[in-house]
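> I would like the atomic coordinates for the input below:
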Amino acid sequence: MTRKPRGPSKNGASDGGRTLKPPIRIIAKTTVMALTGEGLEGGEVEVVADASMATFLELKRLVTEEQGELLGRTFGNRILVGWNLVDEDDKPLPPTGDGMDELPASMALSIVTDWFETLETVSAPLGDASSDGETLEELSIVELGSRSQSLPN
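The predicted structure is shown next:
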């Protein structure tokens with residue numbers, strides 16, 4: 001089956017001759033996750049809640065290949081928006097890949113794990129499209145023990 005090239009129409013996009021509704025703007029959403037556990041009370045991490053598929057797959061690949069250093073850096077540079085974490089000298093840690101490198105490994109892994117879990121709570125239905133049967137739960141990373149919970153926006 002040959003598909004006709006798609007291109008924008010005067011109203012938005014076109015799908016093989018059928019005019020689609022005007023384009024919609026995709027705006028990244030964020031969520032705040034509360035850190036819990038000994039010494040972490042009051043800690044909050046703001047993350048991108050609906051990252052691109054490319055970013056999700058890259059992070060998933062890094063988890064699968066057990067590339068922790070790249071996982072923390074990539075997560076910090078693409079997903080972290082902000083946090084209220086400081087070092088032992090009360091100097092704010094940057095919410096970046098460098099900041100992720102400064103965290104204790106258990107905390108960094110907990111943040112990444114909890115972010116993957118927030119993806120499972122996306123409530124927008126995608127319709128009745130067919131699937132290969134694989135669910136996000138099956139794609140999720142190895143259970144590392146959750147230490148945080150999502151806060152309502």
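> For the strand or helix carrying Glu58, which helices and strands make contact with it?
If you go by DSSP states H and E, Glu58 is part of helix 53-64. Taking 3 or more C-beta pairs under 8 Å, 6 or more residues apart in numbering; DSSP states H and E as contact, the helices and strands that helix 53-64 lies on are helix 68-78, helix 105-119. All C-beta atoms are positioned from the backbone trio N, CA, C, and that covers glycine.
> what about 10 Å?
helix 68-78, helix 105-119, helix 136-139 (3 or more C-beta pairs under 10 Å, 6 or more residues apart in numbering; DSSP states H and E).
> looking at those helices, which has the lowest confidence?
Lowest mean pLDDT within the helices and strands packed on helix 53-64: helix 136-139, at a mean of 44.
> Report the spatially nearest residue to Glu41, omitting neighbours in sequence.
Residue nearest to Glu41 in three dimensions, not counting chain neighbours: Leu35, with 7.8 Å by C-beta to C-beta, 6 or more residues apart in numbering.
> before we move on, back to that, so which bits of the helix holding Glu58 are buried?
For helix 53-64, burial by neighbour count (16 or more other C-beta atoms under 10 Å) applies to Phe56, Glu58, Leu59, Leu62, Val63.
> will you turn the residues you listed into a markdown table that also has distance to Pro94?
Converted to a markdown table, these look like this (distance: C-beta to C-beta, whole Å):
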| residue | distance to Pro94 |
| --- | --- |
| Phe56 | 23 |
| Glu58 | 21 |
| Leu59 | 19 |
| Leu62 | 20 |
| Val63 | 23 |
